[in-house]
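1. could you work out the structure for the sequence below:
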Amino acid sequence: MEDKALVQLEQVSQVYRSGDRRFYAVQDITLRVHDGEFVCLLGPSGCGKSTLLRIITGLQKPTEGRVLYRGEPLVGINPHATIVFQTFALFPWLTVQGNVEVALKARRIPPHIRVPRVLDLIDRVGLDGFESAYPRELSGGMRQKVGFARAMAVEPELLCMDEPFSALDVLSAESLRGELMELWTEGKIPTRAILMVSHNIEEAVFMADRLVIMDKNPGRVVSEVVVDLPHPRQRKSAQFLEIVDQVYGVLAGTTQPEPIELGSTPGGPGQIRWLPDVSINNLIGLLEHLNKTPRQAYDLYKLAGDLGIDSDLLLRLVDAGEMLGFVVVAQGDVTLTPLGETFSEASILARKEIFATRIRRLPLVRWLLEMLRQTPDGRLPEDVIKTALSLELAPAEAEKQLDLMITWGRYGELLAYDEITHTVILEPAGVALPS
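-> Below is the predicted model of the structure:
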């Protein structure tokens, strides 16, 4: 059978405006999803994966570029696609059968066709006997199965899933992944292709035929990886682990020279390096774990398993460690630097001093400290700083970055924050210029 593209994205961009500024959620995306494919959009939080799903299903119109479905321009909602969200989104006043029937009722499918189809789908997803149960009576995994059955009730050609397992506990998620793959590989669902959003590398390699790897600021495709492994896939096989390691290498990149690694200040030339959204305690935990065998290269995929965290959080922690000079990354491996080793073994106060010295070198933090130094009393309302950051970022991201700068600055005793007046305050240690 000829391999035809169900969906084509041609140089698609999504632009948001804040005043006179334009921000790209995704930029210049070209993508195809073919008949019979399971494709995963994989990348860090904030890279625009969910935005692309909304564009493909017609819930959102792209600012630039065009979307084709079976070669025809997509106008409005895509009637051949449906989407499963990460939250269960069930109507609590309806039974399992009632929730699955909703989509068919909206399409005015008569009861003599609707009811047998719904009961068959409920049976296929393993909920036979729970037709009359209400969502409150079901576990998280069972509620998500209802979501899958409802999505498949309209017999979509393209099934889109937005991190469908992220709201589940580990065991429920693992069980549901396996059950979905059984339905897909054995042709038990009326779907021609699946497009899933994930930030979990192991999940993506376990399920998908092709990984479209994205990065952010702006959201863009940086690589594609074909997963040419038979189902069911063995997570501990050498071939599986090799692909996982390859994907970690793409997403983690390689530590660059300091001028590139640290980036530029807001308003300056070059790329701004925004602070990774991580807690300092988690970063310290990572460094202490690496220091058990200092200066030894660790496979990132093994490290995620050792720490019991998902790949998205691990990559953000490693990114923070790179910016601070505590770790270096190359070919999917991370190594603690001598400075990282010193930090891990230091006392509480010495850690604060090292941390303060390192973050004073970050252009973004240096920019904030300089703004505060220019004021008569070393104080600025947080709204003033957020407004300045909003020249470079969407408002929600500007607020997140300011929160991170305040948190990191307070730990290093460079900044203080007045909760009553919402004012950022320069501490005496913050007056010193970076060495």
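
2. show me the helices in the stretch 101-250 of the chain, by range?
-> Taking DSSP state H, counting those that start in this stretch to define them, one finds helices in the stretch 101-250 of the chain at 111-124, 140-153, 170-185, 201-207, 238-252.

3. want to throw those into TSV with mean pLDDT?
-> Output for the helices of the stretch 101-250 of the chain, formatted as TSV (pLDDT from 0 to 100):
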stretch	mean pLDDT
helix 111-124	86
helix 140-153	84
helix 170-185	84
helix 201-207	93
helix 238-252	90
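
4. closest to Gly46 out of the ones you listed?
-> Among those, the nearest to Gly46 by C-beta to C-beta is helix 238-252 (13.4 Å). Heads up, the C-betas are built off the backbone N, CA and C, glycines and all.

5. which residues does Tyr16 contact?
-> By C-beta atoms under 8 Å, 6 or more residues apart in numbering, Tyr16 lies in contact with 22-23, 25, 394.

6. just the buried ones from the residues you listed?
-> 23, 25, 394 (16 or more other C-beta atoms under 10 Å).

7. the first one against Leu393, yeah?
-> Think Phe23. Yes. With contacts counted by C-beta atoms under 8 Å, Phe23 reaches Leu393, the gap being 7.0 Å.

8. for stretch 327-339, measure first residue to last.
-> Using C-alpha to C-alpha, to the nearest Å, the gap from the first to the last residue of stretch 327-339 comes to 8 Å.

9. can you give me the distance of Ala320 to Leu414?
-> Distance, Ala320 to Leu414, using C-beta to C-beta, to the nearest Å: 17 Å.

10. neighbour count winner among those two?
-> Ranked by neighbour count (other C-beta atoms under 10 Å), Ala320 and Leu414 place Leu414 first, with 27 against 23.

11. still on that earlier bit, now, which of the buried ones among the contacts of Tyr16 sits nearest Gln331?
-> After measuring those against Gln331 - C-beta to C-beta - the closest member comes out as Ala25, at 30.3 Å.

12. tell me the secondary structure at that closest one.
-> strand (DSSP: H, G, I helix; E, B strand; the rest coil).

13. tell me who's in contact with it.
-> Here Ala25 is in contact with 14-16, 48, 51, 218-219 (C-beta under 8 Å, 6+ apart).

14. just the buried subset of those residues, please.
-> Here, 16+ other C-beta under 10 Å leaves 14, 48, 51, 218-219 buried among the contacts of Ala25.

15. need those in CSV (columns: distance to Ile280).
-> Converted to CSV, the buried ones among the contacts of Ala25 look like this (distance: C-beta to C-beta, whole Å):
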residue, distance to Ile280
Gln14, 33
Gly48, 28
Thr51, 30
Pro218, 28
Gly219, 27
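
16. and the furthest pair within those?
-> Maximum distance among those (C-beta to C-beta): 10.7 Å, for Thr51 and Pro218.

17. nearest the geometric middle of the protein, what residue?
-> In the chain, the centroid-proximal residue (C-alpha atoms, centre = their mean) is Ser45; its distance is 2.6 Å.

18. contacting residues around that residue?
-> Neighbour list for Ser45: 199, 277, 312 [criterion: C-beta under 8 Å, 6+ apart].

19. got the domain ranges for the protein?
-> Domains of the chain are assigned by automatic domain parsing as 5-250, 259-345, 353-431.

20. report pLDDT for Arg21.
-> Here the pLDDT value assigned to Arg21 is 68.

21. how about TSV for the contacts of Ala25, with secondary structure and distance to Leu262 added?
-> Shown next, in TSV, are the contacts of Ala25 (DSSP: H, G, I helix; E, B strand; the rest coil; distance: C-beta to C-beta, whole Å):
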residue	secondary structure	distance to Leu262
Gln14	strand	29
Val15	strand	28
Tyr16	strand	27
Gly48	coil	25
Thr51	helix	28
Pro218	coil	20
Gly219	strand	22
